[in-house]
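Colleague: what follows is a predicted protein model with its sequence.
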Amino acid sequence: MEELTRRDEPGAAEAVAVTSSDSSAAPVGPPASDAIESGHATPQVVDLVTRMFADKTSRSVDRTMTHFAPEAVYADATVGWYLPSADAVRAMFAQYMPTWPASARSYVTRIIGDESGAIVEFTDTPELFGRETRALAIIDFRDGKVIRQVDYWDGRHFGLEAFAEVRVPSMEFPQTFGEDMVASQCSPVLGEVAARLNAGLGKGDVAGLFAEDAVLEDLALRTRIVGRQAIEAYVGRASAALPYGSGAAVLHIVGSEHGGGYEWRNDGVLADHGIVALELDSSHKISRFTATWDGAQLDDHAIAGLLADTIER
């Protein structure tokens, strides 16, 4: 399959099928549903998401669109594509689904949230769009249907040169991805944790928010920090420079008292938007924090500067 160009329609990071409807092809599929990390998700949302991916696997536009409400919107917040209606989403699937080879996979690895909204971690293999993408999607549901989905991923992982060919020019990049059309449906517990976390990240003090054995992951920086003490110290060093630190504002939250996530925006930095996924323990402490944003918006020197803050002193 040819790589996308800027003239192509949206969909580079959309979660898609994981097996082929071509019965003559060798079976290719995602991890089994019980291998998906879903300990912080309700059975209902796991069922919604896995059925949606199964129907995308079949490459049936009609079956796939049964998972989207008529008022649904879809966006790729990294490339800068925005599909403002279910008709536009259908047109995108109708263009791309017939071109996906049997070996292509787009598979879920983690689900956090409930049937009102969830964070879904998924991978698109290179056969779909020319390069691998690993994304976090925020999905709002209403009556079992998707009403909003936005995908976030790191353009550097796509390859800087290839990514430059598909990203919408900065002057044309959308300033909103439909977050105003859907009210946050998260649980009060998660809403409070997200608000306290965002405030703490802004001032470099997240004391009391993380569990003792918590993990902080930044997918754009390829960083993993383990333990409450190390995380608190890292945030203290790095918050002024992190895109989701000082100056960041929460835009939209989804999830339950067991976890979910939020979109953020920070107009004061080059990588000015992204997503944070949160898993909470039984005491509503953060046991796992995962952030992703577009590292392609920063040069190598800036990325190296952010990585320097991971060094413990």
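Modeller: Nice, I can see it. Residues are numbered from 1 along each chain as shown.
Colleague: roughly how far does the closest residue to residue 273 other than its chain neighbours sit from residue 284?
Modeller: Sequence neighbours aside, residue 265 is the residue nearest to residue 273 in space, at 4.8 Å (criterion: CB to CB, 6 or more residues apart in numbering). C-beta coordinates here come from the backbone N, C-alpha and C atoms, glycine included. Taking CB to CB, to the nearest Å as the criterion, residue 265 is separated from residue 284 by 25 Å.
Colleague: give me the more crowded residue out of the two.
Modeller: residue 265 (20 against 17; other CB atoms under 10 Å).
Colleague: what residues are bridge-paired with that one?
Modeller: residue 249, residue 273 (DSSP bridges).
Colleague: quick revisit: for the residue nearest to residue 273, which residues are in contact?
Modeller: 248-249, 251, 272-273 (CB atoms under 8 Å, 6 or more residues apart in numbering).
Colleague: which ChimeraX command selects the buried ones in the residues you listed?
Modeller: Selection of buried members from the contacts of residue 265 for ChimeraX, criterion 16 or more other CB atoms under 10 Å:
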select :248,251,272,273
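Colleague: any idea which of the contacts of residue 265 is closest to residue 38?
Modeller: Of all those, residue 38 sits closest to residue 251, with 25.2 Å by CB to CB.
Colleague: please look at the closest one and residue 264 and confirm they touch.
Modeller: Yes: in terms of CB atoms under 8 Å, residue 251 counts as a neighbour of residue 264; the distance is 6.2 Å.
Colleague: residues that sit against both of these two, list them.
Modeller: By CB under 8 Å, 6+ apart, the residues touching both residue 251 and residue 264 are residue 273.
Colleague: where does the stretch 201-313 of the chain have low pLDDT?
Modeller: For the stretch 201-313 of the chain, not a single residue meets the criterion pLDDT under 70.
Colleague: alright, that wraps it up for me.
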